[in-house]
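Visitor: Here is a sequence together with a model predicted from it:
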Amino acid sequence: MSIPSNDDRPDAMPSQGMRTAISFLLFLHLFALGVAVLSNPPASGLLQGLRRAPGVRQYLQLLHMDLSYRFHLMLVDDLDMDYFVEADLQTPEGERRQVVLPSPDLQPGTRYRRQERLAWQIANQTLLARRGASPGDGLVPQAIATTLLAENGAISGVIRCRGHLLQAPDQAASLDPAVRDPYAPRFYRTVYEANVLLLEGVVSVVPVRDRGETAPVADETEGAGTP
């Protein structure tokens, strides 16, 4: 009587090639999950770059894991978004530098949230002033401008407070990468802008009064407009 081969047995293992392929696919799956979890802000530039890498980005979209986990309860008003400070500075030698607060890779998370809160405070005071509820408070922009000029050896520049607008549900669920991308330029709005100048040891902050209002959440066809 002949002995049945491994392929004839009901409990036979897959072939070596099949096992290798399955192991490789499991590795790619776990790698993508690790990138999704570890690359949420604040994260290093390397991790954020891996999140947007071709193949990883599309796979995370299929799993609905390509968006941030940093969610909070919201009222969906002008202040329910992430704000940051962006500064374009110039040194006495004419060198131009750009600084963003908080930096995407700032650690630990407590420092990131504190700097994010400073940006939110600028937006809050600006919006209250536009509504006539407050005369506005230039203390936070003055302190930020003074610190940035000193740290970068700059003598002039422009500081802005920018908000990252929310996506509509249909945008987040879109299969079009251009529509689904939450970091597209149309999702950013400048709510405060000021020229800064260092003169005789004193930092002057002169707000630009005609900046546009913060826009509501954009629809899928028009987006949020140009930043």
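Guide: In hand now; what should we look at? Residues are numbered from 1 along each chain as shown.
Visitor: which stretch of helix or strand covers Gln171?
Guide: helix 169-172 (DSSP states H and E).
Visitor: Which of the residues in that helix are classified as buried?
Guide: For helix 169-172, burial by neighbour count (16 or more other C-beta atoms under 10 Å) applies to Gln171. Heads up, the C-betas are built off the backbone N, CA and C, glycines and all.
Visitor: Also stretch 144-157?
Guide: Buried-residue list, stretch 144-157, by 16+ other C-beta under 10 Å: Ile144, Ala145, Leu148, Leu149, Asn152, Ala154, Ile155, Ser156, Gly157.
Visitor: where does the chain have its least confident helix or strand?
Guide: Taking mean pLDDT, DSSP states H and E as the measure, helix 45-51 is the helix or strand of the chain with the lowest mean score, a mean of 78.
Visitor: buried stuff in that one?
Guide: For helix 45-51, burial by neighbour count (16+ other C-beta under 10 Å) applies to Leu47, Gln48, Leu50, Arg51.
Visitor: Of these, which is the nearest to Thr20?
Guide: Leu50 (24.0 Å; C-beta to C-beta).
Visitor: And the nearest residue to that closest one once chain neighbours are set aside, what's its pLDDT?
Guide: Ranked by C-beta to C-beta, 6 or more residues apart in numbering and with sequence neighbours excluded, the top spatial neighbour of Leu50 is Val35, at 4.9 Å. For Val35, the model assigns a pLDDT of 86.
Visitor: who touches Val35 in this structure?
Guide: Leu47, Leu50, Arg51, Val56, Leu60 (C-beta atoms under 8 Å, 6 or more residues apart in numbering).
Visitor: can you redo those residues as JSON lines with distance to Gly94?
Guide: As requested, the contacts of Val35 are exported to JSON lines (distance: C-beta to C-beta, whole Å):
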{"residue": "Leu47", "distance to Gly94": "35"}
{"residue": "Leu50", "distance to Gly94": "36"}
{"residue": "Arg51", "distance to Gly94": "36"}
{"residue": "Val56", "distance to Gly94": "40"}
{"residue": "Leu60", "distance to Gly94": "42"}
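Visitor: Show me this structure divided up by domain.
Guide: Under the assignment automatic domain parsing, the domains of the chain span 6-62, 82-207.
Visitor: weakest of these in terms of mean pLDDT?
Guide: Comparing mean pLDDT across the domains of the chain, the weakest is domain 6-62, with a mean of 79.
Visitor: can you count the residues close to Leu60?
Guide: Using other C-beta atoms under 10 Å, Leu60 has 19 neighbouring residues.
Visitor: Does it touch Ser39 like I think?
Guide: No - in this structure, Leu60 is not within contact of Ser39 by C-beta atoms under 8 Å, at 9.5 Å.
Visitor: Identify the contacts common to these two.
Guide: Taking C-beta under 8 Å, 6+ apart as the contact rule, Leu60 and Ser39 both touch Arg51.
Visitor: Brilliant, that's me finished.
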